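1. with the input below, show me the fold.
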Amino acid sequence: MNAQQLSTRLMRVAAHVPEGSVVADIGSDHAYLPCYLVLNKKAQRAVAGEVVKGPYESARSQVRQEQLEDRIEVRLASGLDAVYAEDGVTAVTIAGIGGPLIRSILEAGAERLKGVERLVLQPNVHAKAIREWAEANSWTLSEEEILKENDKIYEILVLEPSEKPVRFSPSELLMGPELIKQFSGVFQEKWDRECAQWKRIVQAMESTVETAEIIGKKQELLEKIKLVEEVLHGEGT
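-> The predicted structure is shown next:
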């Protein structure tokens, strides 16, 4: 992978960035995504934020190599602290980390999202945390995508500000309202896998001492299995 040829996962993230955007890529690693967006004229300018020194240096090196220093600024900062009001950022991308960490980045940097028109988020796990954040902060889920690459399944969530309250059903929070509608083969594979894993955990719990914690965890898993099986078997959301 390089700035000219992204992985399938990052290509799909890039596809959801509106043309002409000013992009902040948070946790940019090698800055492949912002370089690709600027090189392909999807982004006018970009900020690449990285909290770890090594990847920050790699990102700076990549931007120099692509001769994009005048269009991409690399900043060593935690989360949305990389975004300044004067940047005029219109789109934020965060890819390749867990949903709860993405949520914490959005919560901590809420003031820096003013003027942002689109969030393109690719959690590796627990996308539910992002949907919960969207619901609590009036961001609508305008698009969702699920894909498989190298036997790993990824979700992409596209959020836009909403003037109306956003509400999801329990199954939509867990599985994604747009993904439920699409009901793709990859979607079904993901939730078949998840259900099988949860059932194995519940079965293992049968032979353990039933503490309050174990009982609570078991009930939580059984409720999730029920939600997923209702969707997979067409019993509604």
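2. now do the end-to-end distance for stretch 163-177.
-> Stretch 163-177 has an end-to-end distance of 19 Å (CA to CA, to the nearest Å).
3. give the buried residues for stretch 79-99.
-> If you call a residue buried by 16 or more other CB atoms under 10 Å, then stretch 79-99 has these buried ones: 79-83, 87, 89-97, 99. For glycine as for every other residue, the C-beta is placed from the backbone atoms N, C-alpha and C.
4. quick check: can you list the domain ranges of the protein?
-> 8-167, 185-232 (automatic domain parsing).
5. just name the most buried of those domains.
-> domain 8-167 (a mean of 19; mean count of other CB atoms under 10 Å).
6. state the mean pLDDT of that one.
-> Averaging pLDDT along domain 8-167 yields 97.
7. helix, strand, or coil at residue 220?
-> helix (DSSP: H, G, I helix; E, B strand; the rest coil).
8. that one and residue 119, how far apart?
-> The gap separating residue 220 from residue 119 is 28 Å, by CB to CB, to the nearest Å.
9. same check on residue 70?
-> 26 Å.
10. same deal with residue 145?
-> 14 Å.
11. run through the helices of the protein in chain order.
-> Shown for the chain, the helices assigned by DSSP state H span residues 8-15, 32-39, 53-65, 99-108, 128-137, 170-175, 177-182, 185-205, 212-232.
12. that older thread, so for residue 178, which of the domains of the chain sits nearest?
-> domain 8-167 (3.8 Å; CB to CB).
13. can you tell me the distance between the two ends of the closest one?
-> Using CA to CA, the two ends of domain 8-167 sit 31 Å apart.
14. work out the gap between that domain and the centre of the chain.
-> 8 Å (CA atoms, centre = their mean, to the nearest Å).
15. picking up where we left off before, rebuild the domains of the chain as JSON lines, extending it with distance to residue 174.
-> Formatted as JSON lines, those follow (distance: least, CB to CB, whole Å):
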{"stretch": "domain 8-167", "distance to residue 174": "5"}
{"stretch": "domain 185-232", "distance to residue 174": "6"}
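16. from residue 119, how far off is residue 137?
-> Residue 137 sits 11 Å away from residue 119, going by CB to CB.
17. let me redo that: residue 223
-> In terms of CB to CB, residue 223 sits 28 Å off from residue 119.
18. what of residue 198?
-> 29 Å.
19. repeat that for residue 12.
-> 15 Å.
20. now residue 172
-> Distance, residue 172 to residue 119, by CB to CB: 18 Å.
21. now the residue lying farthest from the centre of the chain. Its backbone dihedrals?
-> Largest separation from the mean C-alpha position in the chain: residue 209, at 36.9 Å (CA atoms, centre = their mean). The phi and psi values for residue 209, taken as degrees, to the nearest 10, are phi -70, psi 130.
22. residues contacting residue 32?
-> Neighbouring residues of residue 32 by CB atoms under 8 Å, 6 or more residues apart in numbering: 1, 2, 3, 6, 10, 62.
23. with residue 202 instead?
-> With the criterion set at CB under 8 Å, 6+ apart, residue 202 makes contact with 218, 221, 222, 225.
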